[in-house]
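Visitor: With the input below, show me the fold.
(one chain, ligands or ions: 1)
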Amino acid sequence: MTDSKSTGRPNKRLLYRRDLLRFGAGAIAGAGAVALGRSQNLSQAEPQLANSRSFDVEGDRALGARAAAKGILYGAAVRRSNLFEDTAFAARFVQECRMLVPERAMKWQALRPSLDKFDFEGADQLVDFATQHDLKLRGHTLVWHQSLPDWFAEQVTRQNAEQVLVNHIQTVAGHYAGKMHSWDVVNEAIQPKEGKPDGFRNSPWLQLLGQDYVELAFRVAAEADPDAMLLYNDYSLDYDTAEDETKRNAVLRLLERLKSREVPVHALGLQAHLDGQDSRQFNPVQMQRFLREVADLGLKIFVTELDVEDQRLPANIEQRDRIVAAAYEDYLSAVLAEPAVIAVLTWGLSDRYSWLSDYKPRDDGMPVRPLPLDADLQPKLAWNAIARVFDQAAQR
Ligand code: XIL
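Guide: Okay, here's the model as predicted:
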């Protein structure tokens with residue numbers, strides 16, 4: 001359990017800095033000054049982690065605490081190995097977050113070694129970690145066209161697809177029943193540019209079961225875990241572009257249909273993988289109108305996978321961080337103006353571990369900086385921007 005394994009860094013004594021986050025409400029995103037307070041030097045990470053909340057001297061300054069003060073949940077996605085092989089990262093995770101979502105561990109590829117088997121080992125470890133550290137849990141994701149195991153294409157047919165889907169949801173949602181705050185039941189079912197009726201994505205699930213798979217998935221999930229909030233989750237809902245507008249409309253129609261049929265869907269998840277590039281348009285008024293329409297259906301809204309891509313932003317780090325922070329601030333301040341928005345999750349916490357390092361690397365080879373903490377686990381301007389938005393948000 002050292003951080004040297006996963007990061008290649010020397011195994012320093014763990015600096016557990018619950019009290020370093022001294023800047024906040026009044027700070028200016030552009031100023032860039034990050035004042036660090038005294039830090040606690042803990043040599044035994046594990047026992048301390050287990051009791052972390054109890055010695056949370058200034059934990060009220062962490063993002064999770066600031067959000068919680070307004071009735072908003074803040075958390076992040078995490079990979080199992082990053083939590084269990086990097087204690088410094090794990091400590092920061094517990095410090096900042098009030099909610100954990102497995103980045104990979106609850107996807108089909110992770111849970112389903114074969115058609116007739118489930119392997120909960122990795123996911124269970126994350127659930128135990130969350131329970132131990134008083135973090136709420138989000139499940140991600142029961143139905144998706146990606147992260148399907150290799151056996152899927154060959155072994156799932158029109159004949160058995162419904163039974164396979166129902167069995168998966170019953171078993172997985174049933175296994176974690178009572179422990180989950182919420183589940184992403186269906187992920188990314190809409191993609192109007194694929195030309196299918198009602199803007200449906202031409203996913204294996206659509207091909208195997210038709211549009212009804214969405215409704216079926218929600219009904220089975222609600223039966224398996226009646227306590228969890230059930231989400232429809234999707235991306236490209238954020239910008240003032242023709243593409244995103246078409247997608248917003250298609251998602252809204254889907255949610256309307258589900259609600260009119262009394263399908264147990266409780267919230268919309270906005271993935272919010274943002275692009276720091278200026279050319280992408282964000283229109284707060286348009287976004288708020290969309291969120292109001294969603295809320296008028298009786299749905300809550302979560303920001304589920306927030307990060308800001310910096311692939312094509314200037315190399316200069318100060319400049320880049322300012323643009324990324326501004327994107328966080330513009331987006332979150334607009335979105336949190338809608339009272340139905342009750343949770344914000346970033347897709348990762350620290351630039352040390354971001355899916356964008358692989359998915360959207362920079363041409364100049366410089367590391368990407370899309371998340372609230374830098375690769376040394378220190379707060380960036382993005383952290384500052386998020387903190388300020390939470391501080392200014394209305395009470396839920
Ligand atoms: C990504 C993870 O971050 C990667 O580590 C994984 O290899 C592929 O999936 N939308 C989603 C997430 O709903 O599940 C994706 O996560 C990112 C895009």
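Visitor: Secondary structure element for the residue most central in space within the chain, which one?
Guide: In the chain, the residue lying closest to the centroid (C-alpha atoms, centre = their mean) is Glu305, at 3.3 Å. In this assignment (DSSP states H and E), Glu305 forms part of strand 300-309.
Visitor: One more: Glu329?
Guide: Per DSSP H and E: Glu329 is located in helix 317-335.
Visitor: next helix or strand past that helix?
Guide: Next helix or strand after helix 317-335 toward the C-terminus (DSSP H and E): strand 341-346.
Visitor: by how many degrees do that following strand and strand 300-309 diverge?
Guide: Relative orientation of strand 341-346 and strand 300-309, computed by axes from the mean of the first three to the mean of the last three C-alpha atoms, to 10 degrees: 30 degrees.
Visitor: Remind me what strand 341-346 packs against, helices and strands.
Guide: Where contact means 3 or more C-beta pairs under 8 Å, 6 or more residues apart in numbering; DSSP states H and E, strand 341-346 is packed against strand 73-78, strand 99-102, strand 300-309. For every residue, glycine as well, the C-beta is placed using N, CA and C.
Visitor: Compare those and give me the one nearest Leu377.
Guide: strand 73-78 (12.6 Å; C-beta to C-beta).
Visitor: Centre of the chain to the closest one, how far?
Guide: Relative to its chain's centre, strand 73-78 lies at 6 Å (C-alpha atoms, centre = their mean, to the nearest Å).
Visitor: just stretch 249-258 next, same as before
Guide: Distance, centroid of stretch 249-258 to centroid of chain: 22 Å (C-alpha atoms, centre = their mean).
Visitor: residues in contact with that stretch?
Guide: 189-190, 192, 198-199, 214-215, 218, 232, 234, 237, 265, 268, 290, 293-294, 297, 299 (C-beta atoms under 8 Å, 6 or more residues apart in numbering).
Visitor: Pull up the residues of the stretch 201-350 of the chain that are close to the ligand.
Guide: Selection of the stretch 201-350 of the chain residues close to the ligand by C-beta under 6 Å from any ligand atom yields 271, 305.
Visitor: now, which of the contacts of stretch 249-258 lie within strands?
Guide: The members of the contacts of stretch 249-258 that map onto strands under DSSP state E are 232, 234, 268.
Visitor: For the first one, name its beta-bridge partners.
Guide: What it means is Tyr232. Tyr232 forms beta bridges with Val186, Leu268, as assigned by DSSP bridges.
Visitor: Wait, it touches Val186, no?
Guide: Yes: between Tyr232 and Val186 a contact is recorded at 5.5 Å, counting by C-beta atoms under 8 Å.
Visitor: So between these two, which is more surrounded?
Guide: Remark: of Tyr232 and Val186, Val186 carries more neighbours, 29 against 26, as counted by other C-beta atoms under 10 Å.
Visitor: For the more buried one, which residues are in contact?
Guide: So Val186 contacts 141-144, 213-214, 217-218, 232-233 (C-beta under 8 Å, 6+ apart).
Visitor: Tell me how far it lies from the ligand.
Guide: Per C-beta to the nearest ligand atom, to the nearest Å, Val186 is found 11 Å from the ligand.
Visitor: Please apply the same query to Phe282.
Guide: For Phe282, the distance to the ligand (C-beta to the nearest ligand atom) stands at 19 Å.
Visitor: contacting residues for that residue?
Guide: Phe282 makes contact with 238-240, 274, 327, 330-331, 334, according to C-beta under 8 Å, 6+ apart.
Visitor: and the residues you listed as JSON lines, adding pLDDT, distance to Ala153 and neighbour count?
Guide: Putting the contacts of Phe282 into JSON lines (pLDDT from 0 to 100; distance: C-beta to C-beta, whole Å; neighbours: other C-beta atoms under 10 Å) gives the following:
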{"residue": "Asp238", "pLDDT": "96", "distance to Ala153": "32", "neighbour count": "27"}
{"residue": "Tyr239", "pLDDT": "96", "distance to Ala153": "33", "neighbour count": "21"}
{"residue": "Asp240", "pLDDT": "96", "distance to Ala153": "37", "neighbour count": "14"}
{"residue": "Leu274", "pLDDT": "96", "distance to Ala153": "32", "neighbour count": "22"}
{"residue": "Ala327", "pLDDT": "96", "distance to Ala153": "37", "neighbour count": "26"}
{"residue": "Asp330", "pLDDT": "96", "distance to Ala153": "41", "neighbour count": "16"}
{"residue": "Tyr331", "pLDDT": "97", "distance to Ala153": "37", "neighbour count": "23"}
{"residue": "Ala334", "pLDDT": "97", "distance to Ala153": "41", "neighbour count": "20"}
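Visitor: Tell me the one of those nearest Gly64?
Guide: Taking C-beta to C-beta as the measure, Gly64 lies nearest Tyr331 of these, at 18.8 Å.
Visitor: What does the pLDDT read for whichever residue of the chain sits closest to the ligand?
Guide: Proximity of the chain to the ligand (C-beta to the nearest ligand atom) peaks at Trp355, 3.2 Å away. We have a pLDDT of 98 for Trp355.
Visitor: what number of residues lie near it?
Guide: 18.
Visitor: Quick check, it in contact with Trp347.
Guide: Yes: Trp355 is within contact range of Trp347, at 6.6 Å (criterion: C-beta under 8 Å).
Visitor: okay, and the common contacts of the two?
Guide: When contacts are counted by C-beta under 8 Å, 6+ apart, Trp355 and Trp347 are jointly contacted by Glu103.
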